[in-house]
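>>> coords below, sequence missing:
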């Protein structure tokens, strides 16, 4: 009898406690929202239009920001309506451009618009985009991008040039729509636990890694040293991938530029760009000179100061390139 | 296996189910299960060192019987010495060999003799060796002092030595308490088991929220002390005080709670030491199982306080120095013990070492008196100061740390190594101290509200705080495992 009572009461208490925690997590909005994703008829992965919500970073709500998905399926303060008459800039990229770590009305695009007169900035940001995604998007929406005056592709050299062609990631969309993920998104304590990594041991159990030696000490973002020869091979492959994408989708050198951090980009790739008249905007110096942190707490995405620097670099670049007084 | 690991989350319910559902009716099988589970628990770290536990177990099981057989003759003493020499020998080899060799080399070099360090060995320190060797020795001591009869049941004795909840970091149990329970039939008791779960939850809070969240800050300050001002260094050692308390008492709570799930009561190891009013009270509340071990098996045999004042002082110095050395093979721990001896002796000479033995701060009131607040603050400051030596990697570093405090005595706000808001941690410690003050009268019942809803809310807040301060980058091992 005592054992039965113990088990029943323990289960009951656990359920009640979890319910209370769920209420608190909801009330304090500790969880983050991830607007649904889909793949459109052109094979472009994007967000389901017209979703609004809050993205949260950190265990204790260290970064709390509002997002707004527009009709085009991207997080932005404006709708994308390119015309031949206006001056438009498109910034295409991954989560850094998608900007769920900032209020949508305080994005890099908005900061650029504040710096340059009569400019509309369209942020085609989507978490997980690599250069293949980006170039496919530009090609798929050719009609729109033909009207856009400047296209900036954000390139994280270490991760964005791993493939030379594009295939829509249907598996990811399928996985995110699966029942376990739906449950995770609806039970906020699970969404929260997943975000802060507390469910990681369970994931490791499922994948059979849980009985391996645990990590000791702090994880760092340091890249393990590789030899010059190995780096050369990697660089060649990445350049080859880039060439392949250019062959596949084309690359309008007159209005397309890469946004990159030269500290994290190989010299070989930079030389390839120079030799082929591919413009790039390098924000390394601005970040290096900054006395304040450029990234968020608990996260490596750019903070408000970092975004301010990126906007400044882009605005200066556009001004210098166009030498158009109407933008001052 | 760590208490705060997924492996343990699977291990514990499995053992619990086998213990109460499969082997419930057979004490021998229950004890065999305890041994098997304990060896799996320990072997998860390194199975090779199970042989040491087995050796220590066999030795004291046999020695205990021989002591009892020869109690009235001198042979009993020889058998006792055998146990002490072998157990201390194990400790000496695995824990202190290199320390003594290096110390001898350094000593000779002071006199101008240079000796090459060819004798030092690359030895892994077996986890928990200081704990289980002391526990097995206590068995032989108790038989020698006629406080206990030896058991003829090897399975029970092996279960007593290896009982997994307290195997690697205590409490260091005495056979009169733990072996007696292991030898008796256990029946499942609802209150005991639910009390165990509560203690486990509270232990996890102390470990995961208090200790683990402070660890990166303390590590950063102690690693870079030369570049920080006094305010930061003082902050670092104060936070270390809370870290080490959260870490060790958290472990103990989980151990005691786990044992309760198996119908076994372990001794208390911590009784809110942060509310001690003098250093003597602190030692009655901090790592109680080790203090009582030294009192019973070292201090009292040396004469304790029933000899002349001078000899008593000598005895106090000896137990504090040995206690320091027990913690680690480093002069920092010896120095730490010496500081505590220095602080304890005046209290002893004034006859104030037992005055707080049976009451707590604000015993009969809600709030402490001004005098008590000052006493507690002073004790905390002194104990915290000594922890500079406890935490520093070497004596040189400890003195450099203190020198840096006096040399650069100014205030500068500290920035968390990961950029986190420091206010969160100050608020956390404030709440923790206040809550411990509320529950200060009963260390075994951290959630004692009579209202169910209040209790549920507190449980929920404890779990929420574990999430709020969870950091998957922290090394979650327990500090006292290294001892």
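Looks like it arrived, so ask away. A quick note: this is a predicted structure, and the numbers were derived from the prediction, not measured. Numbers count the residues shown, from 1 in each chain, chains lettered A, B, ... in the order given.
>>> check contacts around the residue of the stretch 151-300 of chain B found nearest chain A.
Relative to chain A, the nearest point of the stretch 151-300 of chain B is residue B:190 (4.3 Å; Cβ to the nearest Cβ). For the C-beta atoms, the positions are set from N, CA and C on the backbone; glycine is no exception. Going by Cβ atoms under 8 Å, 6 or more residues apart in numbering or on different chains, residue B:190 touches A:2-3, A:5-6.
>>> in stretch A:39-46, what's buried?
If you call a residue buried by 16 or more other Cβ atoms under 10 Å in any protein chain shown, then stretch A:39-46 has these buried ones: A:44-46.
>>> lowest-confidence helix or strand of chain B?
helix B:97-110 (a mean of 71; mean pLDDT, DSSP states H and E).
>>> Show me what secondary structure element comes after it.
helix B:129-144 (DSSP states H and E).
>>> now that following helix: how far from the chain's centre is it?
Centroid separation for helix B:129-144 versus its chain: 16 Å, with Cα atoms, centre = their mean, to the nearest Å.
>>> Check which helices and strands it is in contact with.
When contacts are defined as 3 or more Cβ pairs under 8 Å, 6 or more residues apart in numbering or on different chains; DSSP states H and E, helix B:129-144 sits against helix B:50-69, helix B:75-91, helix B:154-162, helix B:175-183, helix B:288-294.
>>> Just say which of those is most tucked in.
helix B:154-162 (a mean of 23; mean count of other Cβ atoms under 10 Å in any protein chain shown).
>>> what packs against it?
Counting contacts by 3+ Cβ pairs under 8 Å, 6+ apart, helix B:154-162 packs against helix B:27-46, helix B:50-69, helix B:129-144, helix B:175-183.
>>> for that helix, what is the average pLDDT?
Mean per-residue pLDDT for helix B:154-162: 93.
>>> Could you do stretch B:290-308 as well?
pLDDT averaged over stretch B:290-308 gives 89.
>>> Tell me the buried residues in that stretch?
Residues B:290-294, B:296-299, B:304-305 are the ones in stretch B:290-308 that count as buried (16+ other Cβ under 10 Å).
>>> Check the offset of that stretch from the chain's centre.
Averaging C-alpha positions (Cα atoms, centre = their mean) puts stretch B:290-308 19 Å from its chain's average.
>>> Look at the closest residue to chain B within the stretch 1-150 of chain A and tell me its secondary structure.
Nearest residue of the stretch 1-150 of chain A to chain B: residue A:20, at 3.7 Å (Cβ to the nearest Cβ). Three-state assignment for residue A:20 (DSSP: H, G, I helix; E, B strand; the rest coil): helix.
>>> That one touches residue B:455, doesn't it?
No. Using Cβ atoms under 8 Å, residue A:20 is not in contact with residue B:455, being 11.1 Å away.
>>> so does stretch A:300-309 get close to chain B?
No. Under the criterion of Cβ under 8 Å from any Cβ of the partner chain, chain B is not reached by stretch A:300-309; the shortest gap measures 9.8 Å.
>>> Phi first, then psi, for the most centrally placed residue in chain B.
Most central in chain B under Cα atoms, centre = their mean is residue B:287, positioned 5.0 Å from the mean C-alpha point. Main-chain dihedrals, residue B:287, degrees, to the nearest 10: phi 40, psi 60.
>>> Please apply the same query to residue A:89.
Residue torsions, per degrees, to the nearest 10, at residue A:89 are phi -120, psi 130.
>>> burial measure for it, as a count.
Other residues within reach of residue A:89, judged by other Cβ atoms under 10 Å in any protein chain shown, total 22.
>>> show me what contacts residue B:289?
Residue B:289 neighbours (Cβ under 8 Å, 6+ apart): B:170-173, B:267, B:269.
>>> I'd say residue A:79 and residue A:73 touch.
No. Residue A:79 lies out of contact with residue A:73 (Cβ under 8 Å); the separation is 11.3 Å.
>>> higher neighbour count, the two?
The residue with more neighbours, out of residue A:79 and residue A:73, is residue A:73; 22 against 11, by other Cβ under 10 Å.
>>> wait, doesn't residue A:154 sit right on residue A:98?
No. With contact defined as Cβ under 8 Å, residue A:154 does not count as touching residue A:98 (10.1 Å).
>>> neighbour-wise, which of the contacts of residue B:190 leads?
Going by other Cβ under 10 Å, residue A:6 tops these with 21 neighbours.
>>> so it is in which element?
For residue A:6, the host element (DSSP H and E) is helix A:2-27.
>>> Following the chain onward from that helix, which element is next?
Following helix A:2-27 in sequence, per DSSP H and E, is strand A:37-39.
>>> Could you check how far that next one is from the centre of its chain?
That offset, for strand A:37-39, works out to 15 Å (Cα atoms, centre = their mean).
>>> Contacts made by it with the rest, please.
A:45-48, A:73, A:168-170, A:172-173, A:176.
>>> Name the next helix or strand following that strand along the chain.
strand A:45-47.
>>> now that following strand: mean pLDDT?
So the average pLDDT for strand A:45-47 ends up being 93.
>>> wait, does the following helix or strand past that strand contact chain B?
Going down the chain from strand A:45-47, the next helix or strand is strand A:52-57, by DSSP H and E. No. If you take Cβ under 8 Å from any Cβ as the test, strand A:52-57 misses chain B, and the best it gets is 12.1 Å.
>>> Strand A:52-57: how far from the chain's middle?
That offset, for strand A:52-57, works out to 14 Å (Cα atoms, centre = their mean).
>>> State the number of residues packed around residue B:124.
By the measure other Cβ under 10 Å, the count of residues near residue B:124 is 9.
>>> before we move on, what about residue A:317?
So residue A:317, with other Cβ under 10 Å, has 19 neighbours.
>>> any low-confidence regions in chain A?
Within chain A, the stretches with pLDDT under 70 are A:208-226, A:324-328.
>>> Let's see the pLDDT reported for the spatially closest residue to residue B:153 that is not a sequence neighbour.
Closest residue to residue B:153 apart from its sequence neighbours, by Cβ to Cβ, 6 or more residues apart in numbering or on different chains: residue B:183 at 6.7 Å. Looking at residue B:183, its pLDDT reads 91.
>>> Could you confirm whether stretch B:224-236 reaches chain A?
No. Stretch B:224-236 stays clear of chain A (Cβ under 8 Å from any Cβ), getting no nearer than 14.5 Å.
>>> mind checking the end-to-end distance for that stretch?
From its first residue to its last, stretch B:224-236 covers 11 Å (Cα to Cα, to the nearest Å).
>>> next one: stretch A:76-96
So stretch A:76-96: terminal residues 13 Å apart, Cα to Cα.
>>> Let me see the contact set for the residue nearest to residue B:153.
Applying Cβ under 8 Å, 6+ apart to residue B:183 gives the contacts B:151, B:153, B:156.
>>> per-residue confidence at the first one?
Read that as residue B:151. 92.
>>> from what I can see it touches residue B:157, true?
Yes. Assessed by Cβ under 8 Å, residue B:151 is found in contact with residue B:157 at 5.3 Å.
>>> The helix or strand in which residue A:281 is found - contacts with which helices or strands?
Using DSSP H and E, residue A:281 sits in strand A:279-282. Judged by 3+ Cβ pairs under 8 Å, 6+ apart, strand A:279-282 is in contact with strand A:256-260, helix A:267-275, helix A:304-322.
>>> Among these, show me which one is buried the most.
Of these, strand A:256-260 is the most buried (mean count of other Cβ under 10 Å), at a mean of 22.
>>> what lines up beside it in the sheet?
Pairing partners of strand A:256-260, with direction, according to DSSP bridges: strand A:150-154 (parallel), strand A:279-282 (parallel).
>>> Do any residues in stretch B:439-457 lie close to chain A?
Yes. Stretch B:439-457 is in contact with chain A by Cβ under 8 Å from any Cβ, via B:456-457.
>>> what does the stretch 201-350 of chain B put close to chain A?
Along the stretch 201-350 of chain B, the residues adjacent to chain A under the rule Cβ under 8 Å from any Cβ are residue B:216.
>>> Looking at the buried residues of stretch B:290-308, which is nearest residue B:329?
The nearest member of the buried residues of stretch B:290-308 to residue B:329, counting by Cβ to Cβ, is residue B:290 at 16.6 Å.
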